[in-house]
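In: only the shape, not the letters, is given here:
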């Protein structure tokens, strides 16, 4: 059902008139130039564009930093086992015996996969503020408990619980972001959201080393868990809901009625889905039977596999290059810092040029080269350069794929399972099987991108020639 905007003054309360002079002035202008959502984007006046840009900047500041910070602590809590292993947990809990480490990694993704879809379905009924921050407090509490664990089997149980609570957090963030922006704005915002995670990941290793010096390997989980709880409490006051629900409920959360109307009208101009349709079994069966969604899923699997490969094994790889634990943690930071610059640049160019698949193919090739250099070069400098390439390439792919198809992320968990079972302890430290399995995902990603590119180009050509209609409107596929 589409959002139908009332005349500008119809939903404007007396309390809202007492906003700042700047906001009041903006609303007066909007009232004069208010335009229907059906006006094409290219026909908007310069003044309208200026007003809308100001509203979107406000959305950027209210939405992206806090969601990025929450997801960054989720990422830290997910991969801190690798830091603890290098720092001494490997000897304390004997993760070097058999496949204990791989098992501890694996169980997280099993529960993550099982609980991801149910969590996503709870997002709109419960709301982003309550659901996202409640989940963060829950897994933060488990992390605090991990700081007191001295049995590897209890670590496995804790990892299963963290998987349950983190399940759905990524797609919930993505869905929240997608409800506020137009299609060719979303990748830049997702890249900005994701770079927070990359920035924190870069310095998390240094923080982990500092914790080790103050306490021991087990203290990493406890301190990071306490930080997660603190950020989640802050997030409860900062995370905003969906624009249509905020407008309907009267709970504006710092926005005015007209600002929310502008956001919804922009979405309707772009794709006409400012208010989501009700989920039914018929729609569920229709989408499950859509082969394109399954291809998107495999593309995300191919993207997530090398991300998890580097996240869980970068410290182990670096331990074969340098001699001290301090240097291992320090050398983890530069590749992630460089990947921030590359990820933002790729996202900006993709939105600017309105094309995404070539960037996925390019970064898959970069990731592939980085994996092979890291695995097979005997020169320490070359191996470190390979880590730069691999980390930058795979992390730049993720916002592109999410923007390309932002609501199909279940296969990310399968990517984690894939990595956990292919990087085997008996192949330490080279992990040749795991590396080649990660390389295979990049070859598959390139083939899937090429196939979907040709498929969508054919569908658009048919639409241009009047031989078919895409999704019952005049929209074209983006690729």
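Out: Sure, I can see it. Owing to the predicted nature of the structure, the values given are computational and were not obtained by experimental measurement.

In: residue 135: which element?
Out: helix 128-146 (DSSP states H and E).

In: again, but for residue 344
Out: For residue 344, the host element (DSSP H and E) is helix 325-353.

In: of all the residues in the helix or strand that that helix is followed by, which ones are buried?
Out: Next helix or strand after helix 325-353 toward the C-terminus (DSSP H and E): helix 357-376. By 16 or more other C-beta atoms under 10 Å, the buried positions in helix 357-376 come out as 357, 359-375. For every residue, glycine as well, the C-beta is placed using N, CA and C.

In: just checking, what packs against the helix or strand just after helix 357-376?
Out: Remark: after helix 357-376, the chain's next helix or strand is helix 380-404, criterion DSSP H and E. Secondary-structure packing of helix 380-404 (3 or more C-beta pairs under 8 Å, 6 or more residues apart in numbering; DSSP states H and E): helix 186-214, helix 291-319, helix 325-353, helix 357-376.

In: now the ones you listed as JSON lines including mean pLDDT?
Out: Converted to JSON lines, the helices and strands packed on helix 380-404 look like this (pLDDT from 0 to 100):
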{"stretch": "helix 186-214", "mean pLDDT": "77"}
{"stretch": "helix 291-319", "mean pLDDT": "84"}
{"stretch": "helix 325-353", "mean pLDDT": "87"}
{"stretch": "helix 357-376", "mean pLDDT": "92"}
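
In: would you turn those into TSV with distance to residue 140?
Out: Formatted as TSV, the helices and strands packed on helix 380-404 follow (distance: least, C-beta to C-beta, whole Å):
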stretch	distance to residue 140
helix 186-214	15
helix 291-319	19
helix 325-353	22
helix 357-376	31
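
In: ok, which of those helices comes nearest residue 414?
Out: Closest to residue 414 of the helices and strands packed on helix 380-404, according to C-beta to C-beta: helix 291-319, at 5.3 Å.

In: returning to what we had before: closest to residue 240 out of the helices and strands packed on helix 380-404?
Out: That would be helix 186-214 among these, by C-beta to C-beta, at 13.8 Å.

In: from the contact counts, what lies against the helix or strand following that closest one?
Out: Once helix 186-214 ends, the next helix or strand along the chain (criterion: DSSP H and E) is helix 219-238. Contact analysis of helix 219-238 by 3+ C-beta pairs under 8 Å, 6+ apart lists helix 46-84, helix 128-146, helix 186-214 as its packing neighbours.

In: out of those, which gets nearest to residue 453?
Out: Across the helices and strands packed on helix 219-238, the minimum distance to residue 453, taken as C-beta to C-beta, is reached by helix 186-214, at 16.8 Å.

In: the closest one: which residues count as buried?
Out: Neighbour-count burial for helix 186-214 flags 186-202, 204-205, 207-209, 211-212 (criterion: 16+ other C-beta under 10 Å).

In: where does pLDDT dip in the stretch 351-479 of the chain?
Out: 404-410, 464-479 (pLDDT under 70).

In: circling back: name the helices or strands packed onto the helix holding residue 344?
Out: helix 186-214, helix 291-319, helix 357-376, helix 380-404.

In: one step back: the helices and strands packed on helix 380-404: which one's closest to residue 435?
Out: helix 357-376 (4.1 Å).

In: select, out of the helices and strands packed on helix 380-404, the one closest to residue 280.
Out: helix 291-319 (16.8 Å).

In: angle of that closest one against helix 325-353?
Out: 150 degrees (axes from the mean of the first three to the mean of the last three C-alpha atoms, to 10 degrees).

In: what's the local residue count around residue 320?
Out: Residues within reach of residue 320, counting by other C-beta atoms under 10 Å, total 12.

In: look up how far residue 383 lies from it.
Out: In this view, residue 320 and residue 383 are 8 Å apart by C-beta to C-beta, to the nearest Å.

In: and for residue 74?
Out: Distance, residue 74 to residue 383, using C-beta to C-beta: 29 Å.

In: equivalent analysis for residue 367, please.
Out: To residue 383, residue 367 is 15 Å away according to C-beta to C-beta.

In: spit out the contact partners of residue 253.
Out: Listed by C-beta atoms under 8 Å, 6 or more residues apart in numbering, the contact partners of residue 253 are 62, 240-241, 246.

In: same check, this time on residue 335
Out: Shown in contact with residue 335 (C-beta under 8 Å, 6+ apart): 202, 314, 387-388, 391-392.

In: 6 Å instead?
Out: When contacts are counted by C-beta atoms under 6 Å, 6 or more residues apart in numbering, residue 335 touches 387-388, 391.

In: and which of these is nearest residue 179?
Out: Using C-beta to C-beta, the contacts of residue 335 come closest to residue 179 at residue 391, 30.3 Å.
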